[in-house]
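Peer 1: Here is the input, now give the coordinates:
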Amino acid sequence: MRALLLSLLLGPASSPAFAGRDTVPQESTWDAAESEAVQLELISVLIDSDQFDKALYAISEVRSTGTQGAGLDILQARALIGKGLPLDAVLLLDDKYMRNHERHRVVCLAQLDLGELDEAEAACRKALRYAPGDLDSKELAELHNNLGFILATENKHEEAVLSYYEALKLDPNLRRARNNLGFSQAALGRDDQALGSFRAALSPTLGFDAELLEGEAWYNLGVAQLSRGDTLRAKQSFLTALKHVPGHAQAQAALDGMTPNLKETP
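Peer 2: Numbering: from 1, shown residues only. Got it, this is the predicted structure:
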């Protein structure tokens, strides 16, 4: 089985060095627990690399040997979500592993894909409730960020801000949470705070040009203002972005998409 899963990852051996060689040992030195752990890890690698069909095939092969359990079910649910089948993932995990935080995390994402926000929020809160005490802080931060995103999508921005703050306490470098925080702050009319959050969320990989970073922050603020219907402030933010970065394509496109009386050349 380990050889089968490795072949799914690596493909058939094409080097002459493999010709005529049996790559599967006749007597495995792996005990059952080690073998299962390797199988699950290799399936997880397939899912992480977006090879969802191969992952599902590998899961069916593992199941054919009699292996079952929460780990395998959750991997199958992840692969189903990756294939765009969130409802199948929910049905697979329904009423199982009710105290398993990973189960609820996966269901949360599946329900979010389905647009079932109430159910997604409930699942995300359960994931946080059942998270083990030794869960990695970055993983826990992601859970809080997910909850914040769902709350923001439900226009519960005050609650969303609190969730993002919790995420950033656990992982100050979680840029997604900072960016999401900025949009919720802007939705609440806290534009100065939102601009600060957008600035903090910008990755240095954009370059160390201060004008470029400032232009991106003002553009994000304009998008947030426009989404709440504040076109006048959005126009000013897009114009400010263009002052920092002349020719900023997205800011210019946003201005061009606004009503004619709001367009203006900086």
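
Peer 1: Could you pull out the buried residues of the helix or strand His104 falls within?
Peer 2: Take DSSP states H and E as the rule and His104 turns out to sit in helix 101-114. Under the neighbour-count criterion of 16 or more other CB atoms under 10 Å, helix 101-114 has 101-113 buried. Every C-beta, even on glycine, is put in place using the N, C-alpha and C of the backbone.

Peer 1: what about the stretch 151-266 of the chain, any weak spots by pLDDT?
Peer 2: Low-confidence segments of the stretch 151-266 of the chain (pLDDT under 70): 205-208, 259-266.

Peer 1: If we use 90, what do you get?
Peer 2: 202-212, 258-266 (pLDDT under 90).

Peer 1: Helices along that one, start to end?
Peer 2: Assigned by DSSP state H, counting those that start in this stretch, the stretch 151-266 of the chain shows helices spanning 157-170, 175-187, 191-201, 210-227, 231-244, 249-256.

Peer 1: Dump those to CSV, plus mean neighbour count and distance to Lys126.
Peer 2: Converted to CSV, those look like this (neighbours: other CB atoms under 10 Å; distance: least, CB to CB, whole Å):
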stretch, mean neighbour count, distance to Lys126
helix 157-170, 20, 15
helix 175-187, 23, 20
helix 191-201, 19, 28
helix 210-227, 20, 29
helix 231-244, 20, 37
helix 249-256, 16, 38
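
Peer 1: Which residue is the nearest non-sequential neighbour of Leu135?
Peer 2: His101 (7.3 Å; CB to CB, 6 or more residues apart in numbering).

Peer 1: Same question for Ala187.
Peer 2: Going by CB to CB, 6+ apart, Ala187 has His157 as its nearest residue, at 4.6 Å.

Peer 1: Then Gly196?
Peer 2: Nearest one to Gly196, counting by CB to CB, 6+ apart, is Gly182 at 7.9 Å.

Peer 1: thinking that neighbour is in contact with Val223, fair?
Peer 2: No. Using CB atoms under 8 Å, Gly182 makes no contact with Val223, being 9.8 Å away.

Peer 1: contacting residues around Gly84?
Peer 2: Gly84 sits next to Asp113 when contact means CB atoms under 8 Å, 6 or more residues apart in numbering.

Peer 1: So what touches stretch 167-177?
Peer 2: Under CB under 8 Å, 6+ apart, the answer for stretch 167-177 is 137-138, 140-142, 144-145, 148, 164, 178, 181, 201-203.

Peer 1: Just the buried residues of these.
Peer 2: By 16+ other CB under 10 Å, the contacts of stretch 167-177 give 140-142, 144-145, 148, 164, 178, 181, 201-202 as buried.

Peer 1: Would you mind listing where the stretch 1-150 of the chain has pLDDT under the threshold?
Peer 2: In the stretch 1-150 of the chain (pLDDT under 90), the answer is 1-44, 49, 57-78, 83, 85-107, 109-111, 113-114, 126, 129-136.

Peer 1: how about a cut-off of 50?
Peer 2: For the stretch 1-150 of the chain, applying pLDDT under 50 flags the ranges 1-2, 4-30.

Peer 1: Can you list the residue ranges for strands in it?
Peer 2: Using DSSP state E, counting those that start in this stretch, no strands are found in the stretch 1-150 of the chain.

Peer 1: mind listing the helices for it?
Peer 2: Using DSSP H, counting those that start in this stretch, helices in the stretch 1-150 of the chain cover 2-10, 32-48, 52-64, 70-82, 86-93, 101-114, 117-129, 137-153.

Peer 1: what angle do the fifth one and helix 101-114 make?
Peer 2: Taking axes from the mean of the first three to the mean of the last three CA atoms, to 10 degrees, one finds helix 86-93 and helix 101-114 inclined to each other by 150 degrees.

Peer 1: same thing with the second one?
Peer 2: Using the same axes, to 10 degrees, the interaxial angle of helix 32-48 with respect to helix 101-114 works out to 20 degrees.
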